[in-house]
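S.K.: Dropping a prediction and its sequence here:
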Number of protein chains: 2
Amino acid sequence: MKKTTTEEKILLSAKKVFYQKGLKGARMQEIADDAGVNKAMLHYYFRSKEKLFDKVFEQSVESVTPVLMNVFLEDSDLSTKITHMVEMLIDLFLKEPYLSNFIVNELSQNPEKFFLNVLDFEEGLIGKIIPVINQQIQSEIEKGNVNPDIRPAELIINIMSLCLLPIMGQSVLQKTLGIDTERMERFMMKRKQTVTQFVLDAIKP
Amino acid sequence: MKKTTTEEKILLSAKKVFYQKGLKGARMQEIADDAGVNKAMLHYYFRSKEKLFDKVFEQSVESVTPVLMNVFLEDSDLSTKITHMVEMLIDLFLKEPYLSNFIVNELSQNPEKFFLNVLDFEEGLIGKIIPVINQQIQSEIEKGNVNPDIRPAELIINIMSLCLLPIMGQSVLQKTLGIDTERMERFMMKRKQTVTQFVLDAIKP
DNA sequence: GTCTATACTCTGATAGAC
DNA sequence: GTCTATCAGAGTATAGAC
């Protein structure tokens, strides 16, 4: 009962190719081949390469933000929240190793492609997260559980750094440490615990 | 007394353009314009776009490794070494914000461009660093200064993550937090201390 | 060594039959 | 909706004069 329409097939293949090669590096022919359809079909459904790319980019950002949102805003104490953040981040981006790189790169080349209200400062991810986390950390500091020097925004940046950079640098790690893909996965799975521990140790008073 | 030869001018401009646009995104014309020379000159000196790119890539990797090498292998106690690592990493990559992204991206698309003995497992960066750091951490653990669960390779990955990801994600940060370039620089300068502190707190027993 | 003019290739896009 | 054939433009590469 696999009822994937041509349009969906194209979008799926486009995602695959754009993720790895970027806007300029991708070829319409390659996307068509991967989807098993004619090249003209891409234009029939999406008009142009740029429009197809925009669709992929938009969907990617939109697929990521609600997940992040949920983790950051879930109702639990700080240490379980951190544990979940780490798990979710690693799981999410390990499934799509090229995703983070893709977003970072294409974004830096076309900043105007961004707003996408999803990440809007007022209404979006950051605007909502910071106050909540801020308050939570403040209360933990008052209880004496957390080092008073910790700043919420930086804590989030630190967690994301520890989870994402190894994935973004996967190819470099593979070359320098000789790690293959399966090994990488195991490495990142173990890393869930070590990163969590690392962060928790770092924020202790 | 600025005696920059045409070849050097081209290489400099090529670096600038390739860093931002990548191999596929870069245009020979743009490089020529930036260098203030004729497009034909690029081929005269470097034969093809690919060859020019290779030169730039090679120089980039070679410019980075000795710096890293020095920091990792300098003769000092662990906490000053960590302090220096953080400072050096941030200074180095803040000067060339696109460099880390460039290496990661282009490498993932052409893994074979790599070996470049500089990063060879036996002789290169990682092969030399790990044993030294390993030993140093071991001795700090025995003295009771460091948490015995800390693993050298992961410590290095953590430090690099904390320093590099914010730079790689500069464009995202600019959009989500509304940070401009000067502000980013100040942010990263302050971050030298907070990251160092964060790491030192995390490895305490 | 440097420039102009041009050849050639690749690839995104469209027209038009079915 | 899908395919074949073809066009148009962009961009790399080279020939050849100076």
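M.R.: Received it, and whenever you're ready, just let me know what you need.
S.K.: going forward, measure contacts between C-alpha atoms and count neighbours the same way
M.R.: Fine.
S.K.: Counting neighbours, which bits of the helix or strand of chain A with the lowest mean pLDDT end up buried?
M.R.: Lowest mean confidence among the helices and strands of chain A (mean pLDDT, DSSP states H and E): helix A:170-177, at a mean of 80. Neighbour counts over helix A:170-177 (16 or more other CA atoms under 10 Å in any protein chain shown) mark A:170, A:171, A:172, A:173, A:174, A:175, A:176 as buried.
S.K.: And it, how far out from the chain middle?
M.R.: Taking CA atoms, centre = their mean, to the nearest Å, the mean C-alpha location of helix A:170-177 is offset from the chain mean by 20 Å.
S.K.: one step back: for the buried residues of helix A:170-177, give me a markdown table that also has distance to chain B.
M.R.: Below are these laid out as a markdown table (distance: CA to the nearest CA, whole Å):
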| residue | distance to chain B |
| --- | --- |
| A:170 | 8 |
| A:171 | 5 |
| A:172 | 7 |
| A:173 | 10 |
| A:174 | 9 |
| A:175 | 8 |
| A:176 | 6 |
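S.K.: Next, the buried residues of stretch A:173-191.
M.R.: Applying 16+ other CA under 10 Å to stretch A:173-191 flags A:173, A:174, A:175, A:176, A:179, A:184, A:185, A:188, A:191 as buried.
S.K.: Now do the fifth one against DNA strand C, distance only.
M.R.: Just to be clear, that refers to residue A:179. Applying CA to the nearest atom of the strand, to the nearest Å, the value for residue A:179 to DNA strand C is 31 Å.
S.K.: List the residues that contact that residue.
M.R.: The contact partners of residue A:179, by CA atoms under 8 Å, 6 or more residues apart in numbering or on different chains, come to residue A:173.
S.K.: Tell me, how many residues neighbour the residue of chain A found nearest DNA strand D?
M.R.: Closest approach between chain A and DNA strand D, counting by CA to the nearest atom of the strand: residue A:38, at 3.9 Å. For residue A:38, the count of nearby residues is 14 (other CA atoms under 10 Å in any protein chain shown).
S.K.: Which pLDDT does the model give it?
M.R.: Residue A:38 carries a pLDDT value of 97.
S.K.: what do you get for residue A:117?
M.R.: 43.
S.K.: ditto for residue A:26
M.R.: Reported pLDDT for residue A:26: 98.
S.K.: Spell out, range by range, the helices that occur in chain A.
M.R.: Here chain A has its helices, by DSSP state H, at A:6-25, A:28-35, A:39-46, A:49-73, A:78-95, A:99-109, A:125-142, A:152-168, A:170-177, A:181-203.
S.K.: So which bits of stretch A:58-67 are buried?
M.R.: A:58, A:60, A:61.
S.K.: Tell me the spacing between the second one and residue B:182.
M.R.: Right, the one you point to is residue A:60. Using CA to CA, to the nearest Å, residue A:60 is found at 29 Å from residue B:182.
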